[in-house]
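Enquirer: all I have is the shape, not the residue letters:
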């Protein structure tokens, strides 16, 4: 039979009369949890932002025709050399067209798939931007801009002008921010582009595109698909890339493999394209957790120490409690509940402090050329971290309290009372 | 007359630092309403015997009965409960919980027993304190009262669950003669007015002589009772 009100009453009295130790132990937990929440919110916020920065540039599945050598060379078809070890020198890439064969039927097919959120055609063209006698090499990507807005975060990267303005202007261009800088151009100006074949077209700048990655911003611009087809002198079915956005990112890999077989093109899924990037995020998460857990373990040792000292001081009280009929388990529960109260109060305060610090970081200005859409530090307010924080506070204080309280349980009252 | 406490052939050894036969074949009983005292020189084993009787020390052979119920061999949990309900204990050093008020100290064993409501326990505690003429100290912190008062609070605490026997380990050993006299009078009154059984280990010959029976111990044996 456990009489909780008595046990908690004694625990409360112990905690209140030893206010300094209690406060120290509680603050230990508070700082541990607070630091964990702040760190994890900030780091994951930063991670998510960097992920977005790169991952949102890449569609879930990217279909295109790859220039590569044919995997089976003609000699393999020759029966006479079947058993021989064939060496082929000077292999050349297979003669192939850049455009995706049957692009429009493929697009229609993809749009009907239930797990596909959308599929957009793109036409990548090598061009030169002309500024007086200077030619700047670069890309012009023909897109269906309104579909891109729906499926990707391209809108965030249009720092001047609107996607709508591009959609309504047959000769419009969203110029890369780096290019605009180099050529001293701004919205409303005209820029001349020249195809590889030498045809020159004037385009009107309706917006500036800034992805935050300089290498892209210095070469890449967007125009309507039809505009680029016209510049290249190609038909309406001339599409070099298809970007697919899925409802579930996990479907990307199997679907990419299936599309490769079905349409005989190259299909790259998002994980393949960003493999090394994932590793970076994982390592950053690992560091966050390692630091947080260290902080909590230090807090745990603080509690262990303080409870140990408390039990040493309260040796006589423990003996007297046992002599007057409290069992070893009651005594253990008294000290365990002290640890748990410290853990709970410290943990909740830690969550609050963590939340407040995250808020402050969230308000802190963070402006950089590379990240046009961000003006303050990114913070991730995920409830899961708060649940993990309080759980860890309770677990660590439980462990830190268990060992000393177990010692209190085993104290022999006769030894203490007789002073031997 | 009915025995409230009885031992049969109790033997106990200390194993450290070397084997020492501290209690040898102790067999005796305390009758209902009897005020018995145990006397003996230091090292005669009288305190050791008291702690065996108090159920706190379980490392012995032989049999211990409390109100005809065999106590030997019960679990620690059960022993705690028996101690809580049936045995009141007064030590040489008062041993109050210093952070708690006098009233809370007295109430604690009854709260642990949990047979009465808090209000009823508080009434009973006040009653015990009044009986010992220290009710005015009820709200004081236990660390703020004098030695003699502390011992009376300890007696009130020992009595709170209306035990069948009150045990004392040199309850007057640390008190001046006036306070010793007070404690003796209280014990005497408890025996006479409430028919409580008492068993007190003491060095004080004057104290012992005025009890109903003296049990004299030497070298772990009862030599006279």
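Expert: Nice, I can see it. Remember, it's a predicted structure, so these values are computed and weren't measured experimentally.
Enquirer: what about residue A:72, neighbour count?
Expert: 8 (other CB atoms under 10 Å in any protein chain shown). Placement of C-beta: from N, CA and C, glycine included.
Enquirer: helix, strand, or coil at it?
Expert: Here residue A:72 is recorded as coil under DSSP: H, G, I helix; E, B strand; the rest coil.
Enquirer: so which bits of chain B are right by chain A?
Expert: Residues of chain B lying close to chain A (CB under 8 Å from any CB of the partner chain) are B:47, B:51, B:54, B:56-57, B:76-77, B:80-81, B:83-85, B:89, B:91, B:95-100, B:104, B:108-109, B:111-114, B:157, B:161, B:169.
Enquirer: in stretch A:189-200, what counts as buried?
Expert: The neighbour-count criterion (16 or more other CB atoms under 10 Å in any protein chain shown) identifies A:191, A:193, A:195 as the buried residues of stretch A:189-200.
Enquirer: just list whatever residues bridge to the last one.
Expert: Under the criterion DSSP bridges, residue A:195 forms beta bridges with residue A:127.
Enquirer: could you measure from it over to chain B?
Expert: Shown here: residue A:195 relative to chain B, a distance of 89 Å by CB to the nearest CB, to the nearest Å.
Enquirer: the first one now?
Expert: Residue A:191 is 83 Å from chain B, where distance means CB to the nearest CB.
Enquirer: on the three-state scheme, that residue is what?
Expert: strand.
Enquirer: secondary structure class of the closest residue to residue B:10 other than its chain neighbours, three-state.
Expert: Closest residue to residue B:10 apart from its sequence neighbours, by CB to CB, 6 or more residues apart in numbering or on different chains: residue B:62 at 3.6 Å. With three-state DSSP as the basis, the three-state label of residue B:62 is strand.
Enquirer: contacts only, for residue B:62.
Expert: B:7, B:8, B:9, B:10, B:11, B:25, B:26, B:72 (CB atoms under 8 Å, 6 or more residues apart in numbering or on different chains).
Enquirer: now do it against residue A:412, distance only.
Expert: 20 Å (CB to CB, to the nearest Å).
Enquirer: nearest to chain B within chain A, name that residue for me.
Expert: Ranked by CB to the nearest CB, the top residue of chain A for proximity to chain B is residue A:325, at 2.3 Å.
Enquirer: phi and psi next, for that residue.
Expert: phi 110, psi 10 (degrees, to the nearest 10).
Enquirer: tell me the contacts of it?
Expert: Residues near residue A:325 by CB under 8 Å, 6+ apart: B:80, B:81, B:83, B:84, B:85, B:109, B:112, B:113, B:161.
Enquirer: out of those, the closest to chain A would be?
Expert: Nearest to chain A among the contacts of residue A:325, counting by CB to the nearest CB, is residue B:84 at 2.3 Å.
Enquirer: show me the contacts for the closest one.
Expert: Residue B:84 is in contact with A:324, A:325, A:326, B:109, B:112, B:113, B:161, counting by CB under 8 Å, 6+ apart.
Enquirer: returning to that earlier point: export the buried residues of stretch A:189-200 to TSV and tack on pLDDT?
Expert: As requested, the buried residues of stretch A:189-200 are arranged in TSV below (pLDDT from 0 to 100):
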residue	pLDDT
A:191	91
A:193	91
A:195	89
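Enquirer: could I get these as a markdown table with distance to residue A:366?
Expert: Formatted as a markdown table, the buried residues of stretch A:189-200 follow (distance: CB to CB, whole Å):
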| residue | distance to residue A:366 |
| --- | --- |
| A:191 | 32 |
| A:193 | 35 |
| A:195 | 41 |
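Enquirer: share the number of residues neighbouring the spatially closest residue to residue A:17 that is not a sequence neighbour, please.
Expert: Of all residues not flanking residue A:17 in the chain, residue B:99 sits nearest, at 4.2 Å (CB to CB, 6+ apart). Residue B:99 has 18 neighbours, counted by other CB under 10 Å.
Enquirer: quick one: secondary structure of residue B:99?
Expert: At residue B:99, secondary structure determined by three-state DSSP is coil.
Enquirer: just checking: what are the partner strands of the lowest-mean-pLDDT helix or strand in chain B?
Expert: None of the helices or strands of chain B scores lower by mean pLDDT, DSSP states H and E than strand B:221-224, at a mean of 74. Strand B:221-224 has the following strand partners under DSSP bridges: strand B:213-218 (antiparallel).
Enquirer: show the average pLDDT along the partner strand.
Expert: For strand B:213-218, mean pLDDT is 82.
Enquirer: now do stretch A:28-39
Expert: For stretch A:28-39, mean pLDDT rounds to 86.
Enquirer: may I see the buried residues of it?
Expert: Buried residues in stretch A:28-39, defined by neighbour count with 16+ other CB under 10 Å: A:28, A:29, A:30, A:31, A:32, A:33, A:34, A:35, A:36, A:37, A:38, A:39.
Enquirer: equivalent analysis for stretch A:375-392, please.
Expert: Within stretch A:375-392, the residues that count as buried by 16+ other CB under 10 Å are A:377, A:378, A:379, A:380, A:385, A:386, A:388, A:389, A:390, A:392.
Enquirer: what helix or strand is the fifth one on?
Expert: Element membership of residue A:385 [criterion: DSSP states H and E] is helix A:383-410.
Enquirer: could you see whether chain B lies near that helix?
Expert: No: Helix A:383-410 stays clear of chain B (CB under 8 Å from any CB), getting no nearer than 9.8 Å.
Enquirer: so which elements touch the very next helix or strand once past that helix?
Expert: The C-terminal neighbour of helix A:383-410 among helices and strands, as given by DSSP H and E, is helix A:413-418. Applying 3 or more CB pairs under 8 Å, 6 or more residues apart in numbering or on different chains; DSSP states H and E, one finds that helix A:413-418 contacts helix A:315-323, helix B:46-53.
Enquirer: beta partners for the most centrally placed residue in chain B?
Expert: Nearest residue to the geometric centre of chain B (CA atoms, centre = their mean): residue B:167, 1.8 Å. On the basis of DSSP bridges, residue B:167 is bridged to residue B:89, residue B:199.
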